Structure formats: structure tokens, C-alpha cells
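Asker: I'll drop the sequence and a predicted model, then ask my questions.
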Amino acid sequence: MTESIWPLPPPPPMPDSTLASPPSSSSLSSAVSIAVDPISIAAGAGDKTLYRPRKLRKLSPESTRPPPPPPLLLPRPLSAEGELEAAVRHLRVIDPHLSAVIDELEPLGLHKFQPPFLTLARSIIHQQLAPKAAVPTYERFLKLCETQSGFSPAAVLALSAEQLRQIGVSARKAGYLHDLARKFHTGVLSDAAIVSHDDRSLLSLLTMVEGIGTWSAHMFMIFSLHRPDVLPIGDAAVRRGVQILYGLADTPRPSQMEQLCERWKPYRSVGSWYMWRLSQAKAAAGPSVVGFIAGTPHQSLMMDTFQVVSLLLLGFFTVND
């Protein structure tokens, strides 16, 4: 009789049906998979093999962690080589009405990229101020920050409301600047995070800052980050431009703008720019714009590109943030 390799007493007699050869693969396919070790035991007439459950190995947390999501692919900015030209070509083909406007007006002008924190602070200071007052106030603000070891979130936080008031910044705007600086200082916002977010999540992120509403965020995304497909549906000038472009009886509501401008995707930022220009040109040139849209002779409607962009960025137009 063969000795057991396990120092255990022989098990009680068992029916032959319980002593069997290893289970077949087909029988295991429908059952819970359990690792087993063969055990040789003495079973009277001959050696039999009984399968005993083996301790299962635990999986490490790393092996059960889902794979990271693929990197977010942002659209090319309008300042990328050839992108603005591609946008204009697309709009010409997709919308004959807009094509006539593009032929008449100067192309979109873009500012050079600047750090988001600096640009957002400037937009807060410029809110509700005429350029003649906003520009020197902003320059004094930068000089004041230099006394705190340079322009940074920490430098802005070190400035008191009284110091800001003395250079022409209201108490309310001082609170906005401190909230912006605090969010950058604590890491809620950062220049790197802002440029890496898609449009929808970036809008939610920016509007967490006191004093930055949807309109201000849209302007920042178009003119500072050069995002190609931003539609500022709440902007009164853009809505008036769409009304003129399509000969609508009434100014479209914000809820109607998405549908009316759907065809401009993925370059709604550029289409919106031309609506600003068209709206301002109508105000400057009067009835000639209506004739120009209808294809009749008209006066030139050109405006200074830098002037228009500056008016937009400085909050010249009436907005409801």
C-alpha cells in the first residue's frame, strides 16, 4: 500500500463517485474556477487522487485599476499656422450669406498669447471702464504688484483693498482680483490647467471665479486662448449680427443661436467675430449695410481691427454676466 504524502489519517470510506480523476475542462467551464492541488491518499484497492482547493492569490490594487483615459485632443488654435485661413474657407463654403460678409470686412485679428492669470486679471480691471480709464488703472496695478516681488497670485493677495482703491480699483473688483489670485494660489486654477481643458469644462472652471461670467469666459477663450469653436450666445452684438445676416424680424434669443449658427461648426468663433463686425458696421454705416447684404452697391464698411478687438476685450459692449 502506498504511503500518503500528507501526514494525515486516512479519510473515511467514500463512494467511488467522489474519488475521481481530475475534472475535465468542459466540466470546469460552467463552474467557478478554483485552483486545486492533487492529494494522493490510500484508498484500499488502489491509489486514488482527490482534489483539494488551493488558497487563491489576492490581486493587487494596481492590477484591478482601470486603464487611464486617452489624452484629450484639443482643436488647433486659430493662431496656429493656416488655421484662420481654413476657418474662413469653411465659412465661405458652408454659408453663402456669411461669404458675402467675409468679402466685405477685414479678417479677424488676434492678440498674442499671454499667461491666463495675467489676462484674466486685466479683464476684471477693464470691466465697465472706458479705455481711457482702464488702461492707466491696469498699468498702475502692474506697478503695484512689482513692489510685491513681481506679478503673481501671491503678490495680488498681498495687496489690501485700500491699496487697490488708491490706484482706481473699486472694492468690488478688489474682491474679484483676490478671489482669482486665491484660486490660482491654492491650485484650483493654473495656467497649465486652463490651456488643457476643453471648452465646456473650461467654461465651468472660469465661471467659478467671482466677477467672471459666461460672457467674460467666452471672450477670454476666443481672444486669449484662440479657441476656434466658441459661440457667445448671450452677446447682444452677435445676436444683432445674426439678425441682420439672415434678415430676421426679431433679434434671436440666446436659445435660438445654437440652431442658427450650427452650420458654422467647428469655427463658430470666427463666425461670431464677423457678426460683431457686421453689427458694428450697421451702426456706423446705417442703411448701406442692408443694401450690401442684398447685393446692391454699398459703401465700404471697414473698421480698424485693433480698435474693435480692444472694445470687445475691454467690455465696451453691453453684456449680462
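Answerer: Noted; the coordinates are in hand.
Asker: mind listing what's buried in stretch 237-250?
Answerer: For stretch 237-250, a neighbour-count test (16 or more other CB atoms under 10 Å) marks 237-245 as buried. The way it works is simple: take the backbone N, C-alpha and C, and place the C-beta from them, glycine included.
Asker: One more: stretch 190-198?
Answerer: 194, 197.
Asker: Can you list phi and psi of residue 111 for me?
Answerer: Here is the backbone geometry of residue 111 (degrees, to the nearest 10): phi -80, psi 150.
Asker: Run a quick neighbour tally on it.
Answerer: 14 (other CB atoms under 10 Å).
Asker: what's the answer for residue 171, then?
Answerer: 10.
Asker: what's the pLDDT at the closest residue to it other than its chain neighbours?
Answerer: Closest residue to residue 171 apart from its sequence neighbours, by CB to CB, 6 or more residues apart in numbering: residue 161 at 5.7 Å. We have a pLDDT of 96 for residue 161.
Asker: pretty sure residue 161 contacts residue 173?
Answerer: No. At 9.7 Å, residue 161 does not count as touching residue 173 under the criterion of CB atoms under 8 Å.
Asker: coming back round to it: for the residue nearest to residue 171, give me its contacts.
Answerer: Contacts here follow CB atoms under 8 Å, 6 or more residues apart in numbering; on that basis residue 161 touches 171, 174-175, 178.
Asker: if you look at the residues you listed, which of them are in helices?
Answerer: Using DSSP state H, the subset of the contacts of residue 161 located in helices is 171, 174-175, 178.
Asker: which among the contacts of residue 161 end up buried?
Answerer: Among the contacts of residue 161, those buried by neighbour count (16+ other CB under 10 Å) are 174-175, 178.
Asker: Now tabulate those in a markdown table and tack on pLDDT and distance to residue 79.
Answerer: A markdown table is the format used below for the buried ones among the contacts of residue 161 (pLDDT from 0 to 100; distance: CB to CB, whole Å):
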| residue | pLDDT | distance to residue 79 |
| --- | --- | --- |
| 174 | 97 | 32 |
| 175 | 97 | 33 |
| 178 | 98 | 31 |
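Asker: Run through the stretch 1-150 of the chain and note the low-pLDDT ranges.
Answerer: Flagging of the stretch 1-150 of the chain using pLDDT under 70 yields the residue ranges 1-72.
Asker: just to revisit the earlier point, determine which two of the buried residues of stretch 237-250 are furthest apart.
Answerer: By the measure CB to CB, these have their two most distant members at 237 and 245, which lie 12.4 Å apart.
Asker: Overlap in contacts, the two.
Answerer: The contact sets of residue 237 and residue 245 overlap at residue 275 (CB under 8 Å, 6+ apart).
Asker: name the element residue 255 belongs to?
Answerer: Using DSSP states H and E, residue 255 maps to helix 254-260.
Asker: That helix packs against which elements?
Answerer: helix 236-246 (3 or more CB pairs under 8 Å, 6 or more residues apart in numbering; DSSP states H and E).
Asker: which other residues reach the helix it packs on?
Answerer: Counting by CB under 8 Å, 6+ apart, residues outside helix 236-246 touching it are 97-98, 101, 231-233, 248, 250-254, 257, 260-261, 272, 274-280, 282, 289-290, 293, 317-319.
Asker: All the strands of the chain, in order from the start?
Answerer: 36-43, 46-53 (DSSP state E).
Asker: what's the burial count for residue 112?
Answerer: When neighbours are counted by other CB under 10 Å, residue 112 registers 7.
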